[in-house]
Structure formats: structure tokens, C-alpha cells
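Asker: What follows is a protein structure lacking sequence information:
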């Protein structure tokens, strides 16, 4: 097996979000997965059905509000999010934001806090509170996931339910090449974490559908307002993601300059390279 | 007409269109650049890419004497050196962090940019004042045909429309996604009155339509 086929196979065998369970219908959603046109529908018995090229049946799973599928043969189950089974949480299907960028750039942006004061001004960050304090980022060998912990940042309005500026604590987790789970200070319940995820469907190497999903402790805010808040955040991110050059994520050093604030991104790029997760990446040798 | 503009001045914008404290995208033969004017009035030009995460700098903002990237606020001086990384306020950015810069001149109300080191000054536009800039979706040849006149080596094309003298200052034509494109600055005789300026503006728009119509016909199979 050449390196090229090895890297193509590594990401082909992963699970990806391809639609919302709540929006399954008989007609089906015409979409794509890594360049292949697919249809996401339910059959006469109400079972979810994902069909690929020439009508081939693709694997299907229903998890975290979304339909998941794969072009290959997944070797593992979809990653676990224990909080998804925790009583008292509200689950929010935020919907979809299409972004003309690499699916890997979309994930990397989600892992970044230093842009908050400039891109999400007066919401997730504000000058002069721009400093990124030291935090820990690592590839955890036992679970083979990227983790960033002890991430702290001052936020004028950390969430829809926040009533003023607070220093928010974050933990990030990358359990799959195009998925990330964020654990964030939960203002109404200081002992718990709010969960915000980013599930990215790679349509092509430079085009993706971003499906954010949340599991929150918030019984007050209207569902519409929760969705609007998160959509606003992701639309602000889109204005950045569609104007980065190159569109693909550079995995080799030299093309871009990281600093200490980018430790999570450095670990993520290293982890992608280690696993040949290079769909949407740019390598010097390419 | 020169095809290689290295070492030659390219007219990229009217001075009046680059306000103090703003940045705009401009086009040279190497592609898009970030053209900006500091608060104190100095014009500078840099590559349109922040070396940190590849974000377009022409989407950025100008504060004081520096251009900042809109993504993480990394700031660059007129010499291209990174002067500030907001995520690390106490850090003096290493000298190695910089953006490529271009030579800039302002003369006769035009901002000129060069990718190399030109041996001479930008051409003189004595007797003319700049009116507006049009981006024509056609190459220089189509504009010359529409105007019934040829441009000089400096890109100056003089013509008479409805008894009024009009001068077009043509940047080198560029291949873009949609076809050929020519940034065209419209000049009028110094001292002419507002009605003449309005007429000149309309004349230039008619020339653009003629050139674009001809270019579109040329693209049809």
C-alpha cells in the first residue's frame, strides 16, 4: 500500500455527520461525503438510509441528534460523549453552516481562543483582554485523542444565559479528525460543564458542512435563542475560514507560524499527521 | 505594453480612495496585496496574507501606524515587521515574523506600487487629476479598441469624448477567475468644472461597457 492510499483509507474509514435525525424524510437530503454524492433519507419503515454512488448502501448510525455514515468500513464505534446520557441536559440541534474551507481548518478554528476578541468581539472576547494564559495540550495515548485543559479566557457574554463578563474555563477534545467536543464553564451549574460540539461533514477537501450540537444545563433560554446565538458565532467564524490561504490546512512547519497560544492547534496537526488524516490537508511533499 | 511589471510602478488606486486608518485590497501582477494608510497618512503595501494562520490582511484593520490581522490581531508596521501579538502582550515579536512589503509612491493623486525596485519615478500626470477608478472586465486591447486610441508604455490613453478630453490610466491587465481584468483610473483635465467631471465619468462608463461587451463576444464559442 502506498502512502497515498494509506492516507486516503485512514479518513475513509471514519464516521461523519451527514444530517439531522429530526430532518430525515422519504425524499432524502442530497449531499456529499468526501467527494461522493450521497442521499440521506429514511425508508418505508422509518429506518435511516444512506445511499452512495450507484445506489450502494453505506453504514448508518444515529447519535447525538445526527445521522452518521462512512464511505469505508469503520473499525471503531462513534466516539463516546457520556454527557449525552446525563439527565437534566437540553440537547440543541444547531443546524448547518456551509463553509468554503478545509474541514480540518474548521476544526482548528474551533480549538482556537485567541481569535475571540477580534472575531467574536464583545461576545466571546473583548480587548484589552487578549492574553492567552498558559494551558496544557496533549495527545492522550490511552484514548488516542487530542486534549487541551486549563484553558481560561475572559468573556463578555460567554453564552446566551450569561448576564455579564466572566472568566470562562474551557476543555477541548478531538476524538475524530473532523469532530471536536468543547467543555465549558456552565454559569447556572458551577459543578458541571456545558458541552458544545463541532461535527464537520467533509463534502470535499475544501468544502464542508459544519453541524454544531450542544448539551446544556439551561432551562430558561428559548430554543430559538440558543440556536441563533450559536449560528451567529459560526457565521462570524465563516468570514475568517473562507479567507485563509491556502484553503487546505498546512501540516508541515514553515507555511504558518504558531505561538504558545496555538498549542492545541500544534497537537491537532501533529495527531492528524501521525494518523495519516490528510483529507483537507496540505503536505509539502504533495 | 509591458507584461512583466517587476521593477515598474503599477497604479493601484486613487490617493483619495485610501483613507487614513483603512486598508483595501489592490491588485498587482503577483496577485492581491493589502494597501493601507496609517493614521498619520503614510501609505504602505504588503502581501495579503498573515503568516500566522494565512488570513487575508486586506480584511484587517488599521490602528495608529500599524496594520492588524482581523483573525488574532497580529500587527505589522510599514516595514512589514510584526510589532504585536495580542495573545502574548508581554512578548516582543521575533524579527523573523514579518510580511513581504512593496515599494509605494504617491504622486499626482495616484498610489503606485512596485514589486521590484524601479529605476525611475512613476510617470508624471501633469495637467490631469484623477476622478475615479473602474475595474473593467476586459483586457487592455479591448479598451484601446473601444476608445479608438492606443495606450502609451506607461498605460496612459488619451481620447476625446463629446468634445471633452479624457485620459485613462490603465494598470496591466490581469487574468482572474472570470477572465481578463484591467484596473482603469479615469483622469480629467486639471481645473475642469463639476459638469465636465460628471460627463467624463459617464463617458468612461460607456467605454467600459463597450470593452466588456466586445470581450464577452470574444469569449463566446
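Answerer: That came through fine. Note that the structure is a prediction, hence the values are computed from the model and not measured.
Asker: relative to its centroid, which residue of chain B is most remote?
Answerer: residue B:90 (36.5 Å; Cα atoms, centre = their mean).
Asker: what's the answer for chain A, then?
Answerer: Most distant residue from the mean C-alpha position of chain A: residue A:44, 31.8 Å away (Cα atoms, centre = their mean).
Asker: Return the distance of the residue farthest from the centre of chain B relative to residue A:260.
Answerer: According to Cβ to Cβ, to the nearest Å, residue B:90 and residue A:260 sit 11 Å apart. For every residue, glycine as well, the C-beta is placed using N, CA and C.
Asker: that older thread, who's in contact with the residue farthest from the centre of chain A?
Answerer: Neighbour list for residue A:44: residue A:26 [criterion: Cβ atoms under 8 Å, 6 or more residues apart in numbering or on different chains].
Asker: Quick one: classify it as helix, strand or coil.
Answerer: Using DSSP: H, G, I helix; E, B strand; the rest coil, the structure places residue A:44 in coil.
Asker: what does residue B:187 give?
Answerer: With three-state DSSP as the criterion, residue B:187 reads strand.
Asker: need the residues of the stretch 1-150 of chain A near chain B, please.
Answerer: A:114, A:115, A:117, A:118, A:119, A:127, A:130, A:131, A:132 (Cβ under 8 Å from any Cβ of the partner chain).
Asker: Among the residues you listed, give me the pair with the biggest separation.
Answerer: A:119 and A:131 (16.5 Å; Cβ to Cβ).
Asker: Okay, now the unreliable bits of chain B?
Answerer: By pLDDT under 70, the low-scoring segments of chain B are B:1-6, B:220-221.
Asker: Where do the domain boundaries of it fall?
Answerer: B:10-114, B:128-219 (automatic domain parsing).
Asker: out of those, deepest packed?
Answerer: Comparing the domains of chain B by mean neighbour count (mean count of other Cβ atoms under 10 Å in any protein chain shown), domain B:10-114 ranks first with a mean of 20.
Asker: All the helices of the chain, in order from the start?
Answerer: Answering for chain A, as no chain was given. A:3-12, A:103-110, A:116-119, A:223-241, A:263-274 (DSSP state H).
Asker: nope, chain B please
Answerer: B:140-147, B:194-219.
Asker: Packing partners of the shortest one?
Answerer: In terms of contact count using 3 or more Cβ pairs under 8 Å, 6 or more residues apart in numbering or on different chains; DSSP states H and E, helix B:140-147 is assigned the packing partners strand B:156-161, strand B:164-170, strand B:179-189, helix B:194-219.
Asker: Endpoint to endpoint, stretch B:185-197 covers what distance?
Answerer: By Cα to Cα, to the nearest Å, the extent of stretch B:185-197 from end to end equals 13 Å.
Asker: no, scratch that, I was asking about stretch A:54-72
Answerer: 15 Å.
Asker: Dihedrals phi and psi, the residue farthest from the centre of chain A?
Answerer: Backbone torsions of residue A:44, given as degrees, to the nearest 10, read phi -60, psi -30.
Asker: ok, now how distant is it from chain B?
Answerer: Residue A:44 sits 46 Å away from chain B when distances are taken as Cβ to the nearest Cβ, to the nearest Å.
Asker: got the buried residues for stretch A:175-190?
Answerer: For stretch A:175-190, burial by neighbour count (16 or more other Cβ atoms under 10 Å in any protein chain shown) applies to A:175-187.
Asker: Can you give me the pLDDT of the residue in the stretch 1-150 of chain A that chain B sits nearest to?
Answerer: The nearest approach of the stretch 1-150 of chain A to chain B comes at residue A:130, 3.6 Å away (Cβ to the nearest Cβ). On the pLDDT scale, residue A:130 is placed at 97.
Asker: Now it. Nearest residue, chain neighbours left out?
Answerer: With Cβ to Cβ, 6 or more residues apart in numbering or on different chains as the criterion, residue A:130 has its nearest non-adjacent residue at 3.6 Å, and that residue is residue B:86.
Asker: my read: the one you found touches residue B:73, true?
Answerer: Yes. Using Cβ atoms under 8 Å, residue B:86 is in contact with residue B:73, at 4.1 Å.
Asker: shared neighbours of these two, which are they?
Answerer: By Cβ under 8 Å, 6+ apart, the residues touching both residue B:86 and residue B:73 are A:117, A:118, A:127, A:130.
Asker: Against residue B:93, how distant is residue B:76?
Answerer: 9 Å.
Asker: what residues do the two have in common as contacts?
Answerer: Taking Cβ under 8 Å, 6+ apart as the criterion, residue B:76 and residue B:93 both touch B:82, B:83.
Asker: would you list the helices and strands packed on helix B:140-147 in TSV and tack on distance to chain A?
Answerer: What follows is the helices and strands packed on helix B:140-147, written out as TSV (distance: least, Cβ to the nearest Cβ, whole Å):
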stretch	distance to chain A
strand B:156-161	34
strand B:164-170	28
strand B:179-189	19
helix B:194-219	25
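Asker: do you know which of the ones you listed lies nearest residue B:39?
Answerer: strand B:179-189 (25.4 Å).
Asker: May I have the strands that pair with that closest one, each with its orientation?
Answerer: The strands beside strand B:179-189 in its sheet (DSSP bridges) come out as strand B:128-136 (antiparallel), strand B:164-170 (antiparallel), strand B:174-176 (antiparallel).
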